[in-house]
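Colleague: Fold the following for me, if possible:
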Amino acid sequence: MAAEIEVTDGPNDEGEMFTRPGKLSDRLPQPYPNEQAARFANGGAYPPDLSLITKARHNGQNYVFSLLTGYRDPPAGVTVNAIPSLFDTVSVKS
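Modeller: The predicted model follows:
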């Protein structure tokens with residue numbers, strides 16, 4: 001799975017950056033190019049960096065598992081409008 005993505009690495013002997021297939025030890029790529037883009041996409045909130053959460057939190061592996069699997073479809077009749085202002089709008093159809 002890691003080898004399916006291209007990772008920017010370097011510099012090489014000439015001082016230039018290059019791309020290579022990913023390895024399991026590579027950091028996950030950042031989802032946003034900078035803090036401003038991250039805040040814009042998340043309704044003004046800067047999303048936390050969860051890359052070290054398993055080490056920083058007791059039972060961190062379970063916490064990450066819960067984050068990834070804990071979301072469910074909304075109840076019947078409820079519409080969650082997540083974009084552009086994430087989680088600000090929840091409307092119930094009559």
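
Colleague: looking at this, Thr8 is in a strand?
Modeller: Yes. Counting by DSSP: H, G, I helix; E, B strand; the rest coil, Thr8 is part of a strand.

Colleague: and this protein, what are its domains?
Modeller: 1-30, 35-94 (automatic domain parsing).

Colleague: Counting residues, which helix of this protein comes out longest?
Modeller: Among the segments of the chain that qualify as a helix by DSSP state H, the longest is helix 60-69.

Colleague: Show me the contact partners of it.
Modeller: 50, 53-54, 57 (C-beta atoms under 8 Å, 6 or more residues apart in numbering). The C-beta positions use only the backbone N, C-alpha and C, and glycine is treated the same way.

Colleague: try 6 Å
Modeller: Outside helix 60-69, the residues that touch it by C-beta atoms under 6 Å, 6 or more residues apart in numbering are 53-54, 57.

Colleague: Next, format the domains of the chain as a markdown table and append mean pLDDT and mean neighbour count.
Modeller: Formatted as a markdown table, the domains of the chain follow (pLDDT from 0 to 100; neighbours: other C-beta atoms under 10 Å):
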| stretch | mean pLDDT | mean neighbour count |
| --- | --- | --- |
| domain 1-30 | 85 | 10 |
| domain 35-94 | 79 | 11 |
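
Colleague: Name the nearest residue to the one residue sitting closest to the centre of the chain, ignoring sequence neighbours.
Modeller: Most central in the chain under C-alpha atoms, centre = their mean is Pro31, positioned 5.7 Å from the mean C-alpha point. Sequence neighbours aside, Ala38 is the residue nearest to Pro31 in space, at 7.5 Å (criterion: C-beta to C-beta, 6 or more residues apart in numbering).

Colleague: so which helix or strand takes in the one you found?
Modeller: For Ala38, the host element (DSSP states H and E) is helix 35-41.

Colleague: just to revisit the earlier point, what residues does the residue nearest to Pro31 make contact with?
Modeller: Taking C-beta under 6 Å, 6+ apart, we find Ala38 in contact with 32, 46-47.

Colleague: Would you reformat those as CSV and include secondary structure and distance to Val78?
Modeller: Listed next are the contacts of Ala38 as CSV, based on DSSP: H, G, I helix; E, B strand; the rest coil; distance: C-beta to C-beta, whole Å:
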residue, secondary structure, distance to Val78
Tyr32, coil, 28
Tyr46, coil, 28
Pro47, coil, 24
